[in-house]
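Compute the structure for the input listed below.
(chains A and B)
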Amino acid sequence: MTMSEARIETMTLANAKWRPLTGGKLKLMICDDSNIIRRKIERELCIEQLQVVATAANGRQALEAFRKEPADVVTMDLTMPEMDGIECVEHLVRLKPDVLILVISALADKATAIEALKKGANGFLCKPFTDRQLTEALQELLRGAEA
Amino acid sequence: MMTKVELETFVEGTTHYFATSANQPASVGSPYIVQDGQPALQEFTGMINIAGKRRGVVYFTASRPMLTVLLMRMGETDLTQENLCDLVGEVANTISGNARRDFGKDFMISVPTVTAGEMERAVTPDHLRSFVIPINWRSHSAQLVVCLE
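A predicted model of the protein is given here:
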């Protein structure tokens, strides 16, 4: 499936960490130590061609989930317990070089954003963010992959 | 000792948080220094330890009603204690993380430590002065406390 063929469908919001993947969508993993942020991202993804297949509260959980089912797109927080986002990005890119990673973090200094991009992230969105900013950041990420 | 410009970073971070997350700006009062003892806490507190070039703590403390309304404004329907704790920690984390725009990468922030109801006073270093930034949002009040070397 190419990204342009991906269909937009209504997403269900459930608390389960694993979801069956319906056809025609890109697989998304959300990694953030805040449950509120994970749920916020899920809610706002209803208009995107993405299907949440896993959520994780830290880098280690994300890595485990990714090994079981590699996602196409990942949203990644940076400041997290156990394994931070920068380290996790490195591992994910090693496992799947074409994974698209949008870092979503409160760390607003340029050096951190540049480091994340150097490690293999494809975009950076600073917290706090509006629904529109999230949508635009993800759309830009997907457009960049298509180009 | 913090400068006025540094304190302004946290004031701006606070107003930006409410304007963006709740789509409803908060008014921030004049920051003041706690002269005696420790600044008081409300029911929920999210605390961030600061290390690196600067050391100390930053915490956000708020009441249950305020956090509940804030969660609702963010579109969240799960208003449980767990999510209130999550939110108070996330506010502290976000404002502290945003401060790196001005303080730089060496302003290292911890993951949040959250307390709910059990402490009346925060544990801030005795040798440092705490600045309190009063936050008024809708009919609620909260405080951001910044205590840095």
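
Quick one: name the residues of chain B near chain A.
Counting by C-beta under 8 Å from any C-beta of the partner chain, chain B comes close to chain A at B:16-17, B:20-21, B:23, B:71, B:74-76, B:78, B:82-83, B:86-87, B:89-90, B:93-101, B:103-105, B:107, B:109-111. To be clear about C-beta, it is placed using only N, CA and C from the backbone, and glycine gets the same treatment.

Return the subset of the residues you listed lying in helices.
Per DSSP state H, helices hold the following members of those: B:16-17, B:20-21, B:71, B:82-83, B:86-87, B:89-90, B:93-98, B:100-101, B:103.

Would you mind giving me the PyMOL syntax to select the buried ones in these?
Command for PyMOL that selects the buried part of those, burial taken from 16 or more other C-beta atoms under 10 Å in any protein chain shown:
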select buried, chain B and resi 16+17+20+21+71+83+86+87+89+90+93+94+95+96+97+98+100+101+103
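
what residues are up against the closest residue to chain B within chain A?
Residue of chain A nearest chain B, by C-beta to the nearest C-beta: A:A106 (2.8 Å). Counting by C-beta atoms under 8 Å, 6 or more residues apart in numbering or on different chains, A:A106 makes contact with A:T79, A:C126, A:K127, A:P128, B:N93, B:T94, B:I95, B:S96, B:G97, B:N98.

So of the residues you listed, which two are at opposite extremes in space?
For the contacts of A:A106, with distances taken as C-beta to C-beta, the pair at the greatest spread is A:T79 and A:P128 (14.2 Å).

Which residue lies closest in space to the closest residue to chain A within chain B, excluding its sequence neighbours?
Proximity of chain B to chain A (C-beta to the nearest C-beta) peaks at B:G97, 2.8 Å away. Nearest non-adjacent residue to B:G97, counting by C-beta to C-beta, 6 or more residues apart in numbering or on different chains: A:A106, 2.8 Å away.

B:P134 now?
Nearest in space to B:P134, with sequence neighbours left out and distances taken as C-beta to C-beta, 6+ apart, is B:G29 at 3.6 Å.

Tally up the residues packed near that neighbour, please.
Neighbour count of B:G29, defined by other C-beta atoms under 10 Å in any protein chain shown: 13.
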